[in-house]
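Participant: Provide a 3D model corresponding to the input given below.
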Amino acid sequence: MVESIASAAQVPPNPTGLADRYALALLGLADDLRERDPGALDRIAGDLERLLELWRQDSAFRAFVADPRLAAAEQLKGAFPILERIGVGREVRNLVGVLIANRRLARLPEVAMAFAAKLAERRGQQIAEVATAHPLSDVQRAQLIARLTEAGYSGIRLRETVDPSLLGGLVVRIGSRLYDNSIKSKLQRLQFAMKGAA
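Facilitator: Residues are numbered from 1 along each chain as shown. Down below sits the predicted model:
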């Protein structure tokens with residue numbers, strides 16, 4: 001159901017499943033490392049964010065991650081040079097190795113998103129996935145955070161993607177809530193309304 005941002009009631013996320021187990025294991029590892037490496041948690045989070053951004057932006061990498069025909073040795077041979085090139089640290093490289101060994105590399109994006117969600121929850125933040133036709137300006141970003149705060153969300157952190165097919169406006173997802181204020185969606189609703197009136 002699509003709602004306006006101002007009328008939304010906050011629904012706490014209830015994550016479960018395989019991706020959450022991997023994310024919790026990685027969080028536990030980061031907690032164990034924190035005593036001798038205080039920046040471990042932020043470093044791991046940054047590595048996963050870079051990897052997730054690569055997955056979103058690079059169709060060849062997405063295809064590689066999702067390809068079930070590749071043997072584990074081929075996945076290792078293909079993945080590790082990429083991880084090294086974007087500067088991913090040992091902990092996330094090990095995570096990718098475990099996913100490959102367990103034949104679950106295709107679940108990498110879910111694990112990265114589950115980790116980000118659990119870290120945000122721990123820090124009292126909420127992640128808002130924002131898709132726009134054009135990149136947001138700093139003013140638009142601040143206005144969006146203010147509107148979401150007015151709607152009852154706290155500690156908002158935006159994760160932005162650009163989707164030119166939206167034509168204009170934006171689509172915001174927070175947990176299970178979806179707020180679609182894109183021109184594409186408005187045109188589709190108008191088209192359905194016109195078909196119903198005919």
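
Participant: From here on, just use CA atoms for contacts and neighbour counts.
Facilitator: OK.

Participant: Which strands or helices does the helix ranked longest in the chain pack on?
Facilitator: When the chain is parsed with DSSP state H, its longest helix is helix 40-57. Where contact means 3 or more C-alpha pairs under 8 Å, 6 or more residues apart in numbering; DSSP states H and E, helix 40-57 is packed against helix 18-33, helix 59-66, helix 90-101, helix 108-122.

Participant: Mind listing what's buried along it?
Facilitator: 40-41, 43-52, 54-55 (16 or more other C-alpha atoms under 10 Å).

Participant: how far out from the middle of the chain is it?
Facilitator: Put simply, helix 40-57 sits 10 Å off its chain's centre (C-alpha atoms, centre = their mean, to the nearest Å).

Participant: Determine the angle, from 0 to 180 degrees, between it and helix 59-66.
Facilitator: If you take axes from the mean of the first three to the mean of the last three C-alpha atoms, to 10 degrees, helix 40-57 sits at 110 degrees to helix 59-66.

Participant: What are the contacting residues of helix 40-57?
Facilitator: Helix 40-57 is contacted from outside by 27, 30-31, 33-34, 61-62, 83, 86-89, 91-92, 109, 112-113, 115-116, using C-alpha atoms under 8 Å, 6 or more residues apart in numbering.

Participant: orientation of it relative to helix 18-33 in degrees?
Facilitator: Going by the same axes, to 10 degrees, helix 40-57 makes 150 degrees with helix 18-33.
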